[in-house]
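In: pasting a predicted model and its sequence here:
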Amino acid sequence: MRVSDLVYDLPAELIAQHPLDERDASRMLIVDRATQTFRDATFASLPDCLRANDIVVLNNTRVFPARLLGQRSPSGAAVELLLLREIESNVWSALARPARRLRVGTRIKFGEAKLHAEVIESLDDGVRVLRFESEKPLKAVIDEIGHTPLPPYIKREGEQSSSDGERYQTIYARERGAIAAPTAGLHFTPRVLQEIEERGARLVEITLHVGYGTFEPVRTEVISEHRVAPEWFSVSDEAAQLMTQARAVGGRIIAVGTTTARALESSAPAHGRIESRSGFADLTIVPGYEFHAVDALLTNFHLPQSSLLMLATAFAGRDLILSAYAHAVRQRYRFYSYGDCMLIL
């Protein structure tokens, strides 16, 4: 399959620019792989789609304010960084704009000189390696002066909305380390979580720190040649045992988001038993992949030709996914991070 096979028409006005007032007011398209059909629903009805012994797996990663705005020294020209990965203490790789101006040796100051950085290595695709200097611990300074790293298709006039820092975060976010939200989880409310457990299903948390690999543009034409960059994940002993026990009595594993699916599949060898693991997930899921851990997938609507759409297509099949997306466009669903979702059974 080629990347050009994963294209659909999306009017720009369907790209959600702001979250709904109520998280669980989102719409949900229920897609049935067995019957190759789909139907419209609401996210608040998710518990009705579950049964006793099902496991709903949540990614509890927490987005940190990874977007830094600074000035080049001594010119004062504006610089924007998106922190990607901590290589060692006070040394980070980052996407930089304008990258061509940030040569090795360039110095940058941030937040009224509370933070300084020097470019120590220049990599491909606008990535730079920087060494930071600050009087206080770097993490504390980043939390003080950094901004929520919203996706580029969410437009803000000037500074971002004050609500983005809270709404671009799941209500169960705990483990700091993501540079993008696991957006399928943005719909959950305490009420929905409670109703899931009242149905006899269980909630299980895992961690995958969403990194640049999740949203990096696909630059190959042949899908099988694309590789998603590794992302750190952890599945605990308790989580693995609960999922294994549930499967033994007919329960389904419902992954909330493509990031959760990647972590679970990275923890399940071919025999299908989910194991406790921590490390870097380097699995790339594309059409043709055989799923071993995930029985159902809750996911938002994704960009054309993206690795996330590839994963959804691998799970449900190209024809069904593109038909469902076309239906969502006709029915005026809201797309992408702040948009609606689909439940693939």
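Out: Here it is on my side, so go on. Numbers count the residues shown, from 1 in each chain.
In: contacts, neighbours, all on C-alpha from now
Out: Fine.
In: hey, where'd the helices end up in this structure?
Out: 138-145, 164-167, 190-198, 212-215, 237-248, 258-266, 307-316, 318-330 (DSSP state H).
In: quick one, which of these gets closest to residue 31.
Out: Proximity to residue 31 (CA to CA) singles out helix 318-330 among the helices of the chain, at 7.4 Å.
In: can you list the buried residues in that closest one?
Out: Buried residues in helix 318-330, defined by neighbour count with 16 or more other CA atoms under 10 Å: 318, 320, 321, 322, 324, 325, 327, 328, 329.
In: what is that helix packed up against?
Out: The contact analysis (3 or more CA pairs under 8 Å, 6 or more residues apart in numbering; DSSP states H and E) places helix 318-330 against strand 27-32.
In: just the C-alphas of the strand it packs on, formatted as CSV.
Out: The C-alpha coordinates for strand 27-32 follow below in CSV (Å, rounded to 0.1, in the frame of the first residue of the first chain):
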residue,chain,number,x,y,z
ARG,A,27,-19.8,12.6,19.1
MET,A,28,-18.6,9.0,18.5
LEU,A,29,-18.8,7.0,15.3
ILE,A,30,-19.0,3.3,16.2
VAL,A,31,-17.3,1.1,13.6
ASP,A,32,-18.0,-2.6,13.5
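In: helix 307-316 and that one, what's the angle between them?
Out: Angle of strand 27-32 versus helix 307-316, following axes from the mean of the first three to the mean of the last three CA atoms, to 10 degrees, is 40 degrees.
In: hey, what's residue 129 bridged with?
Out: residue 93, residue 121 (DSSP bridges).
In: for residue 330, see how far away it is.
Out: For residue 129, the distance to residue 330 (CA to CA, to the nearest Å) stands at 44 Å.
In: show me the shaky parts of this protein.
Out: 113, 158-162, 270-272 (pLDDT under 70).
In: domain parsing for it?
Out: 3-63+166-344, 67-145 (automatic domain parsing).
In: now do the last one: distance to the chain's middle.
Out: Spelled out, it's domain 67-145. Offset of domain 67-145 from its chain centre (CA atoms, centre = their mean, to the nearest Å): 23 Å.
In: span of it from start to end?
Out: Using CA to CA, the two ends of domain 67-145 sit 9 Å apart.
In: how about the longest one?
Out: Distances were taken as CA to CA; on that basis the terminal residues of domain 3-63+166-344 are 22 Å apart.
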